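[1] sequence and predicted structure are below.
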Amino acid sequence: MASAFPDALMGADRPVIMELKPRSANGEDLFRGRSPAEIVARYEAVGAPCLSVVTGRWFGGDADLLAEVVTCTGLPVLQKDFITKEGQLRAARDLGASAVLLTAALLPRAALARLAERALALGLTPFIEVASPAEVEALPSGEGCVVAVNNRDIRNRERGDADLDRSHRLLPSVRLTGTPCPVSASGIDDARAAAGLLSAGYAGLLVGTHLLRAGHLESWCEELDQLRRTTPAPRPGG
Ligand SMILES: O=C(O)c1ccccc1NCC(=O)[C@H](O)[C@H](O)COP(=O)(O)O
């Protein structure tokens, strides 16, 4: 079902896509001897609604990691990789992914539209990532898609600082794409900033490095919940 991933995220009490990524952009080992199954079990224990698996080689991932994660969870899984060809969409579906990353910075407009359409036809949710107003403007309709604002820059392999204000600035135009599920991705560590993004109107957050580093996954989640209870809810359309 093409909507399993956004439905799980939008129906969650704590709408955080929790990521498995073997290495950070700077080469830091993020698994630290833990197996993918152990990490998935930790994420499931704190109620993750869906997962992201980085199969891109810059971050130490591969297709085997995705296959392994899919065998140990029933949660919808996003494949994060540099997807540029239709064959990669079929491979993602065959491995059991529910959603696939399409990076606007890497794909010409027509190719992005074609891949999004093909993904939907294969029962996959396009998870379209943008990082600038021009990329948002060039998007095909966001209907049926997750549109995610990347707070870092994939063109420098995500090595620079994250700019969470980018998510705040781009949210109104992301909404205009028609996506039912705007997401803020990358560089989110502070629970207060995370709560602020959800309060601003994001339907979900994608967090990898901080959760993988955290000895305190449960307390980060609890702090986020607590802050959300005391942070104003988004105004309709605001
Ligand atoms: O953004 C991309 O184009 C990309 C392509 C292939 C693999 C990874 C890619 N981006 C990296 C990420 O998606 C981050 O791991 C994710 O947003 C989580 O960020 P963080 O919480 O800072 O680890």
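    Received, thanks.
[2] got any ranges where the chain has weak pLDDT?
    Segments of the chain classed as low confidence (criterion: pLDDT under 70) are 1, 157, 232-238.
[3] need the residues of it near the ligand, please.
    Proximity of the chain to the ligand is assessed by CB under 6 Å from any ligand atom, with 19, 21, 54, 56, 59, 80-82, 101, 103, 129, 150, 154, 158, 185-188, 206-210 identified as the residues in range. The way it works is simple: take the backbone N, C-alpha and C, and place the C-beta from them, glycine included.
[4] ok, for the residue minimising distance to the centre of the chain, nearest residue in space, not its chain neighbours?
    For the chain, residue 206 is the residue whose C-alpha lies nearest the centre (CA atoms, centre = their mean; 4.1 Å). In space, and not counting its chain neighbours, residue 206 is closest to residue 185: 3.8 Å by CB to CB, 6 or more residues apart in numbering.
[5] tell me, how many residues neighbour that neighbour?
    Neighbour count of residue 185, defined by other CB atoms under 10 Å: 28.
[6] can you pull out the strands in this protein?
    Taking DSSP state E as the criterion, the chain contains strands spanning 16-20, 50-54, 77-80, 99-103, 125-130, 146-150, 181-185, 204-207.
[7] tell me which strands the second one pairs with, and in which orientation.
    Just to be clear, that refers to strand 50-54. If you go by DSSP bridges, strand 50-54 pairs up with strand 16-20 (parallel), strand 77-80 (parallel).
[8] need those in CSV (columns: mean neighbour count).
    Below are the strands paired with strand 50-54 laid out as CSV (neighbours: other CB atoms under 10 Å):
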stretch, mean neighbour count
strand 16-20, 26
strand 77-80, 28
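[9] can the ones you listed go into JSON lines with extra columns for distance to residue 139?
    Formatted as JSON lines, the entries for the strands paired with strand 50-54 read as follows, by distance: least, CB to CB, whole Å:
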{"stretch": "strand 16-20", "distance to residue 139": "20"}
{"stretch": "strand 77-80", "distance to residue 139": "18"}
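[10] among the ones you listed, which comes closest to residue 50?
    Proximity to residue 50 (CB to CB) singles out strand 16-20 among the strands paired with strand 50-54, at 5.4 Å.
[11] what angle do that closest one and strand 125-130 make?
    Comparing the axes of strand 16-20 and strand 125-130 via axes from the mean of the first three to the mean of the last three CA atoms, to 10 degrees yields an angle of 90 degrees.
[12] roughly how far apart are residue 20 and residue 61?
    Taken as CB to CB, to the nearest Å, the spacing of residue 20 relative to residue 61 amounts to 8 Å.
[13] any residues in contact with both of these two?
    Here residue 20 and residue 61 share the contacting residues 53, 54, scored by CB atoms under 8 Å, 6 or more residues apart in numbering.
[14] I'd say residue 146 and residue 4 touch.
    No - under the criterion of CB atoms under 8 Å, residue 146 makes no contact with residue 4, lying 11.8 Å away.
[15] list the contacts of residue 39.
    Neighbouring residues of residue 39 by CB under 8 Å, 6+ apart: 20, 31, 212.
[16] who does the first one form a beta bridge with?
    The reference is to residue 20. Residue 20 forms beta bridges with residue 53, as assigned by DSSP bridges.
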